[in-house]
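Trainee: Provided below are the primary sequence and the corresponding predicted coordinates.
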Amino acid sequence: MNDIATRCIEIIAKSKGIPADTVKLASTFDELNIDSLDKINISFEVEEAFAIEIPDEALGSLKTVGDVVEGVTRLKSAPAPAPSH
């Protein structure tokens, strides 16, 4: 498992107060009892941890831990927006 996956799992596990080794990439948010408020809090933590910005519309499409890892990976590999003057 890569660093992004490990870090996302740690964030999700901590937010729900569950052991990280019980959270898998295939775990769904329903299985982990993650509701929309949890999802928002987790997204803030993930944004801070990886210095990225998750678009609000992307939050609705996240259904599994793997989706979060995939999204973070995509955002991290995207070219940084040019600074506006």
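Mentor: Good, I have the coordinates. Numbers count the residues shown, from 1 in each chain.

Trainee: List of residues touching the helix or strand of the chain with the lowest mean pLDDT?
Mentor: Among the helices and strands of the chain, helix 56-59 carries the lowest confidence by mean pLDDT, DSSP states H and E, at a mean of 86. With C-beta atoms under 8 Å, 6 or more residues apart in numbering as the test, helix 56-59 has contacts from K39, I40, S43, G71. To be clear about C-beta, it is placed using only N, CA and C from the backbone, and glycine gets the same treatment.

Trainee: now stretch 20-27
Mentor: For stretch 20-27, contacts defined as C-beta under 8 Å, 6+ apart pick out M1, A5, I9, E10, I12, A13, K14, L32, T64, V65, G66, V69.

Trainee: re the thing from before, give me the subset of the contacts of helix 56-59 lying in helices.
Mentor: Using DSSP state H, the members of the contacts of helix 56-59 that fall in helices are K39, I40, S43, G71.

Trainee: any idea of the mean pLDDT for the host helix or strand of E48?
Mentor: In this structure, E48 sits in helix 36-50 according to DSSP states H and E. Helix 36-50 shows a mean pLDDT of 94.

Trainee: Next, report how far it is displaced from the centre of its chain.
Mentor: In this view, helix 36-50 has its centroid 6 Å away from the chain centroid, taken as C-alpha atoms, centre = their mean, to the nearest Å.
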